[in-house]
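Trainee: Provided below are the primary sequence and the corresponding predicted coordinates.
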Amino acid sequence: MSSRRSFLKQSGYLSLGFLGLNRLVHGNLRSTSGGYGPLVKDPNGIFDLPKGFSYKVISRVGNEMSDGLLVPGDPDGMAAFSARDGRVILVRNHELKANQLDVSPFGKENELLDQIDPSAFYDIADGKQPQIGGTTTIVYNPMTGKVEREFLSLTGTENNCAGGPTPWGSWITCEEATTRADTHFKFDHGYNFEVPATTDIKLADPIPLKDMGRFRHEAIAVEPKSGVIYQTEDTWDGLIYRFICNIPGKPAAGGRLQALVITGHEGWDTRNWAETGAQAFPHNKFFNVEWVDMDDVTSPKNDLRYRGNKMGAAVFARGEGIWYGNGEVYWACTNGGKIKMGQIFRYIPSPFEGTAREEEQPARLELFLESEDKEILKNADNLTVTSWGDLYIAEDSEAPCKLVGVTPEGECFDFAANNYNKSELAGVCFSPDEQIMFVNIQLTGLTLAISGPWDSRA
């Protein structure tokens, strides 16, 4: 960690910075020259970055991988993990459904399907056209700037949108789906699956984490001390959930699913939409939080959110990206706010998170960013948090989609922009040493590694 980053942490500057962020965004103020400076037009027509930064395309849809399969399309959520000798392991989602054969890992006519044992699929259906969502794994060498391995690491799942890293060295991938078993598919969908972050070329066991609930999952984040897993739900009227593992670090061993309730404001609609007539959810104010137990979590009727709301759970507008950093959890609500351009919530866990002692010092929730101008932020999706306090948000909206940064001083800035097509940006994350940013351009099926003077604002 650089001396600058150490100073920010030790001085408590991070918390002061995010108070500044609230003043900036809600005042519709914005810097066009902050952050790392203005963006420079990319002569290659892929991605605009500030001066001094550069990208490398490290993966492209349709290229052959190390396992003989093809790089799938629609890359989405992603996280980076440490490997031996400075290598980085990237585990990456692919938001694909069965009929997207033009970007399938098995080829446009399933000509490579027989390379995979049928037992390795979660849902291979009739054996002719399985679900093709899942994950791939990239082993990247920052010293050489080269991918050393790339392979399919989970298959047979549907519409894997985002997910999140765990502190025990795995990626939990989320199905943004609620498809039921029928004549086309053998199993229900709408579950999470765990994928080990490994350099070994192999497929993860496709075990649905059913106790984590069946709904339109988007992403997860883990509080490392307690092992509690937080989950977002990508619906207009979704909830925020958490999962308490029976055995910390082993979600496959089962556990307890709960939904977030704002103490004293049961069923609060946090979306701030005028048409709902609900009490506005204020900025810059913390509220205590409690959690209500959910039952029948495999939800055959896809009604978890309705049942949770009746028990007092708060409503959120399309919960998407979620990330743990600096002792806090941040999540994006893509269509929250008065103009439906996005909200970011900040959750501070209880010191007794997930235990019977939570009432002694409850967790707290704050709305600390709400876009009131799409020129500041439009439709926040995936996000990540750095150790030095910067927040990076990927947009999923009308073109051009950007990566928006927020500094500890509370200054919003454009860090990058896709000015060349209508694709959303996804999977923004940093290498473990925070010297490389990775991001996906979904529509064109590209994964980029971005390097540059990250400490230049010190």
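Mentor: Thanks, I have the structure now.
Trainee: Assign the residue nearest the centre of the chain to helix, strand or coil.
Mentor: Most central in the chain under CA atoms, centre = their mean is residue 321, positioned 3.7 Å from the mean C-alpha point. Under the three-state scheme (DSSP: H, G, I helix; E, B strand; the rest coil), residue 321 adopts strand.
Trainee: so who does it touch?
Mentor: By CB atoms under 8 Å, 6 or more residues apart in numbering, residue 321 lies in contact with 77, 162, 218-219, 232, 331-332, 380-384, 393-394. (Each C-beta comes from the backbone N, C-alpha and C, glycine too.)
Trainee: Kindly recompute the last result at 7 Å.
Mentor: 162, 219, 331, 332, 381, 382, 383 (CB atoms under 7 Å, 6 or more residues apart in numbering).
Trainee: Tell me which other helices or strands the particular helix or strand that has residue 256 in it touches.
Mentor: If you go by DSSP states H and E, residue 256 is part of strand 255-262. Judged by 3 or more CB pairs under 7 Å, 6 or more residues apart in numbering; DSSP states H and E, the packing partners of strand 255-262 are strand 240-245, strand 286-293.
Trainee: Now tabulate those in JSON lines and tack on distance to residue 436.
Mentor: Listed next are those as JSON lines, based on distance: least, CB to CB, whole Å:
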{"stretch": "strand 240-245", "distance to residue 436": "30"}
{"stretch": "strand 286-293", "distance to residue 436": "34"}
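Trainee: could you pull out the helices for the stretch 201-350 of the chain?
Mentor: With DSSP state H, counting those that start in this stretch, the ranges of helices along the stretch 201-350 of the chain come out as 304-310.
Trainee: low-scoring stretches of it, by residue?
Mentor: Of all residues in the stretch 201-350 of the chain, none has pLDDT under 70.
Trainee: my guess is residue 211 contacts residue 298, does it?
Mentor: No. Applying CB atoms under 7 Å as the test, residue 211 and residue 298 come out as separate, 8.8 Å apart.
Trainee: and those two? which has more neighbours close in?
Mentor: A side-by-side neighbour count of residue 211 and residue 298, using other CB atoms under 10 Å, places residue 211 first with 20 against 14.
Trainee: how about the helices in the stretch 351-458 of the chain?
Mentor: Under DSSP H, counting those that start in this stretch, the stretch 351-458 of the chain gives no helices.
Trainee: To what extent is residue 341 buried, counted in neighbours?
Mentor: The number of residues near residue 341, taken as other CB under 10 Å, comes to 22.
Trainee: With residue 283 instead?
Mentor: Neighbourhood size, residue 283 [other CB under 10 Å]: 16.
Trainee: so what's it bridging to?
Mentor: Residues in a beta bridge with residue 283, per DSSP bridges, are residue 367.
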